Structure formats: C-alpha cells, structure tokens
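Asker: I'd like to go over a predicted model; first the sequence, then the structure.
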Amino acid sequence: MYELIKRDGAARRGRLHTVHGVIETPVFMNVGTVAAIKGAVSTADLEQIGTQVELSNTYHLHVRPGDQVIRKLGGLHRFMSWEKPILTDSGGFQVFSLAGLRRIKEEGVYFHSHIDGKKIFMGPEESMRIQSNLASTIAMAFDECPSSVADREYMEKSVARTTRWLERCKREMDRLNSLPDTINRRQLLFGINQGGVYEDIRIRHAEEIAAMDLDGYAVGGLAVGESHEEMYRILDAVVPHFPQDKPVYLMGVGTPANILEAVDRGVDFFDCVYPSRNGRHGHVYTKQGKRNLFNAKYELDERPIEEGCQCPACRRYSRAYIRHLLKAKEMLGMRLCVLHNLYFYNHLMEEIRQAIDEGSYKEYKKRTLESLQGGK
C-alpha cells in the first residue's frame, strides 16, 4: 500500500508498505543486476550506507545461476542475505539492449543468451514465473522498450503489444500469488508506460494501464537516447495521468540533476547504474559536481572525496590515497569510490525527502542544482 504523506508542488513524499518493510519515497534503488553491486559491495555495506531497495535483473538471474536454483535456496533475499525490499526488472529492457540477439513475437521474445548463445524464450508468463521464483518484493511487468527514434507506426504497435503483455502479466501474477508453495505470495506488480517521445501515445497508454489498478506504475523507454529536455517534457505530460495513490517509478534515471527535476514532476522511484559504473572508473559525485580522481591535482590532496561526507571512504581516506589505489589498479580504490557514490545518492534522497517534508523543495532543488554545476 502506498501512503502519500505530503505534496510540495508536484513533488511527493510517501511511503510504500511492503512485505519486506517500508520504503520511504522518493527513493533511489541501488542496482545489483546479478544480485550484487559491481565494485565488491556487500549487502552489509548497503545497510551501512542507507540503502532502502536493491534492484536485480530477471533475465540475468534466469541465465545465471538460474531462477530455479535461487528458488531452491529460498528466494533472492535469502540467497544474497538482504532482508529489505528488492525490485526485479522484468527482462523487458534486454529486448532493447540485446537487439542483435532477439526476435519479438506476440507470444514473447526469443533470445540467444549473451553468455553462451543458448536459446531462451521469455514472455509475460515466463517473466512472472521467474520473478515469483526469485520472490522479489516488487516485480516489473514484461514490456518492450522501443528505441527512442522509432517511428510512430512502430511505436503504436509496440505499445499496444506491451498493454496486452501487461494484461497477461497481471493474470499470471494473480495466479502465482494464490499458490500455497509460492515463496512471496504478496509480491507487488508495477506496470510500465511506453511511447517514446510521443506525448499522445504516452498519455493514452498511461490511462489504459492506470485502469488496471496495479501496485505501481513506471515510465520506461526514457534515458535511451533522447535529450534531457525531451525526457522532462514527457514526464510533465504523462505523470499526471497515473493514479495519485500509487507510486511512480522512472526507470534507469539518472544523474543527480535528472533526479531533482523528476522529483519536481511527481516521480517517487529511481534506479541507475551511474553511481557504481562511474565509481569503478574513479569518477565520484559531490555536491560541487563530479570529480575525476585520476586527475593529477589530487596526487597530494589529503582531503576526503567530499568534506563533511559520512560515507565509509570519506570518514577515513584521502583523495590522494584513493587516487593511488586507482592508479595502481587496486580493487579497494574502485570499491571506495562505489561506496561513496551510492552513499551520495542515498543521502541525496534523504535530503530530498526532508525538503519536501519542510515544504522547501523548490528552494532546495535550485540551490543543489546550482552547487552541482561546480566540481571537475
């Protein structure tokens, strides 16, 4: 159940009550595609840096180690030793990202595994069964994520098929949640809005899926090549057409600035690989902008990555030391940067929630965006 606590303009402060605990929103979900955050980050680390939700991927866990294996081991929470909420992406994004390895049909998608070339079929029912085996807190509906440059005719056909797939997902999820041997019989289902940069297609699709009374709604198919301005335009158009008593999730987004702008348009959930991916390459986020710790100017810099930050890296280590680790290709350097970045994102969301609580979100957003224009 989603509880709307406060509004500040379109920004929303809420709570999603789940079988694995309460999620305070707006929230950033830390991405652990294969049940682990890249960068040698453990679930104990996630607890320490204030992570609320971990996100894993249906397709990747189906391929390796196999969802049946995880089911036999008690589900994803027990498998990775994480008690808080988990959201599993449906595998639908791989319809986009593995374009050279798949064929889309009405019944579903035929893949070739990116690991060994083995043939895989995944449709709405298969995605729901896999996610039920994983026993995540929130399951995402199986959809097609079309290219942002797809023409109108293709987009309309794709979105209509995604709607039909969503109906099949809902039926299968209801059936699975009714079975006595299902690990998580209170698994939630979020539907996904598609339509590229066509406002009318987006709005029509939002209205269609809103009528299905799902547990939450996501905006997919953005941050896949369109400009930030186009993304904000679509959010302005589509978010008001979702039920106001359900959470809204912007998939795969994004930079701190993207998050600040999207919260201001009513978005509650976010995920992105940027914090861990950039951290693994020595790029760290601060309130003064992003820093590249490989830069020579940090060679003798005894300050932490960000002064005042309470992450495990900043509490103990200097920029100079972390730069040395990165240059020496020591895994610890990568790990410390990833921990800092994830802490930064999680703490940013805490500040966002506080600003909405205080009714000062517009001022907070303006001040933070101005500050982010700094760093090098």
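Answerer: Alright, I've got the coordinates. Numbers count the residues shown, from 1 in each chain.
Asker: Which positions within the host helix or strand of Ala237 qualify as buried?
Answerer: Assigned by DSSP states H and E, Ala237 belongs to helix 228-238. The neighbour-count check on helix 228-238 (16 or more other CB atoms under 10 Å) flags 231-232, 234-235, 237-238 as buried. (C-beta placed from N, C-alpha, C; glycine too.)
Asker: which residues of the stretch 101-250 of the chain score low on pLDDT?
Answerer: Applying pLDDT under 70 to the stretch 101-250 of the chain flags the ranges 101.
Asker: so Leu55 is in which element?
Answerer: Assigned by DSSP H and E, Leu55 falls within strand 54-57.
Asker: Starting from that strand, tell me which strands it pairs with and how they run.
Answerer: Strand 54-57 pairs in its sheet with strand 27-31 (parallel), strand 86-89 (parallel), by DSSP bridges.
Asker: can you give me the mean pLDDT across the shortest one?
Answerer: On average, the pLDDT along strand 86-89 is 97.
Asker: Show me what the strand holding Leu55 is in contact with.
Answerer: 29-35, 37, 43, 46, 76, 80, 82, 84-89, 91, 93-94, 134, 136, 271 (CB atoms under 8 Å, 6 or more residues apart in numbering).
Asker: Which of the residues you listed are buried, as a PyMOL select command?
Answerer: This is how PyMOL selects the buried members of the contacts of strand 54-57, with burial counted by 16+ other CB under 10 Å:
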select buried, resi 29+30+31+32+33+35+37+43+46+76+80+82+84+85+86+87+88+89+91+93+94+134+136+271
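Asker: just checking, which of the contacts of strand 54-57 belong to strands?
Answerer: In this view, those that belong to strands under DSSP state E are 29-31, 86-89, 271.
Asker: Now find how far off-centre the helix or strand containing Leu166 is within its chain.
Answerer: Using DSSP H and E, Leu166 sits within helix 152-177. Distance, stretch centre to chain centre, for helix 152-177: 20 Å (CA atoms, centre = their mean, to the nearest Å).
Asker: Stretch 209-226 now?
Answerer: The chain centre lies 12 Å from the centre of stretch 209-226; the measure is CA atoms, centre = their mean.
Asker: For stretch 241-255, could you pull out the residues that count as buried?
Answerer: By 16+ other CB under 10 Å, the buried positions in stretch 241-255 come out as 241-243, 246-255.
Asker: Stretch 297-313 now?
Answerer: For stretch 297-313, by 16+ other CB under 10 Å, it's 298, 301, 304-306, 309, 311-313.
Asker: Skip ahead from the helix with the most length in the chain and say which helix or strand is next.
Answerer: Longest helix in the chain, counting residues (DSSP state H): helix 331-358. Heading C-terminal from helix 331-358, the first helix or strand you meet, by DSSP H and E, is helix 361-372.
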